[in-house]
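Asker: Compute the structure for the input listed below.
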Amino acid sequence: MKKKFLAALIPMASLMYSQENASGQKSFFGVQAGLFGVNVYNEYSIKENFVLRTDIDFSPSIWGGDLYSKTGFAIAPELKVSPKWYYNLDKRKADSKNTAYNAANYLAAKIGFVPDLFVISNVDGIKVNPMISLVPTWGLRRNFADHFNYELQLGLGIGKILKSGYDIQAVPNLSFKIGYDF
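Answerer: Next comes the predicted model:
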């Protein structure tokens, strides 16, 4: 299980180097945390306003109530790849606004995979059904202080649990996170 997790980290780690270009960083990585999870990410510039973002996202699940003897929680990883287009990066630069670390609005196509690698939970025997998803997303990314950022993401897409008997389902993306870029 740990070997699979490390194997998933290697492609992300290979992209984690930094070079400068006209729009800011050629490649950078960071961490973000919010109400709906924590993620480690890397953004690699393909062209001036196009980047490829890879994420390892740890999203929480919480359940409880009258039917359960105790409140349960689980945290499972999700691996994501997102081509992103920063559509107003040039306008922000022309207006002399901060564009470091791609501080701009964007459109993305998030492709996610939830593997059954491991689950952190207070309940024994919790398993994750592997799932793939595609979520078109609009986002806003801004900086404050030197390396800190905040990011809002809104999207709605589709997903499929990779076991028989499950239909395609709606997958929402509503996220507000505060992070640090290295």
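Asker: May I have the beta-bridge partners of Phe148?
Answerer: Phe144, Tyr180 (DSSP bridges).
Asker: tally of neighbours for it?
Answerer: When neighbours are counted by other Cβ atoms under 10 Å, Phe148 registers 14. The way it works is simple: take the backbone N, C-alpha and C, and place the C-beta from them, glycine included.
Asker: Quick check: it touching Gly179?
Answerer: Yes: the pair Phe148 and Gly179 qualifies as a contact (Cβ atoms under 8 Å) at a distance of 7.1 Å.
Asker: so which strand or helix has Ile132?
Answerer: strand 131-144 (DSSP states H and E).
Asker: Packing partners of that strand?
Answerer: strand 105-114, strand 148-161, strand 169-181 (3 or more Cβ pairs under 8 Å, 6 or more residues apart in numbering; DSSP states H and E).
Asker: relative orientation of that strand and strand 105-114 in degrees?
Answerer: 140 degrees (axes from the mean of the first three to the mean of the last three Cα atoms, to 10 degrees).
Asker: Report the buried residues of strand 131-144.
Answerer: Met131, Ser133, Val135, Thr137, Gly139, Arg141, Arg142, Asn143 (16 or more other Cβ atoms under 10 Å).
Asker: cool, stretch 162-179 as well?
Answerer: Val171, Asn173, Ser175, Lys177, Gly179.
Asker: got JSON lines for these, with pLDDT and distance to Gly30 too?
Answerer: Shown next, in JSON lines, are the buried residues of stretch 162-179 (pLDDT from 0 to 100; distance: Cβ to Cβ, whole Å):
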{"residue": "Val171", "pLDDT": "96", "distance to Gly30": "24"}
{"residue": "Asn173", "pLDDT": "94", "distance to Gly30": "18"}
{"residue": "Ser175", "pLDDT": "93", "distance to Gly30": "14"}
{"residue": "Lys177", "pLDDT": "97", "distance to Gly30": "10"}
{"residue": "Gly179", "pLDDT": "97", "distance to Gly30": "5"}
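Asker: can I get the residues you listed in TSV with distance to Ser121?
Answerer: Compiled in TSV, these are given as follows (distance: Cβ to Cβ, whole Å):
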residue	distance to Ser121
Val171	22
Asn173	23
Ser175	22
Lys177	22
Gly179	25
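Asker: Identify, from those residues, the entry nearest to Ala94.
Answerer: Gly179 (25.9 Å; Cβ to Cβ).
Asker: Next, report how far the strand holding Ile132 is displaced from the centre of its chain.
Answerer: In terms of Cα atoms, centre = their mean, to the nearest Å, the centre of strand 131-144 is set 7 Å apart from its chain centre.
Asker: What are the contacting residues of that strand?
Answerer: 82, 84, 98, 100-114, 149-162, 171-173 (Cβ atoms under 8 Å, 6 or more residues apart in numbering).
Asker: Recalculate using a threshold of 7 Å.
Answerer: Here strand 131-144 makes contact (Cβ atoms under 7 Å, 6 or more residues apart in numbering) with 98, 100-114, 149-162, 171, 173.
Asker: Many thanks, have a good one.
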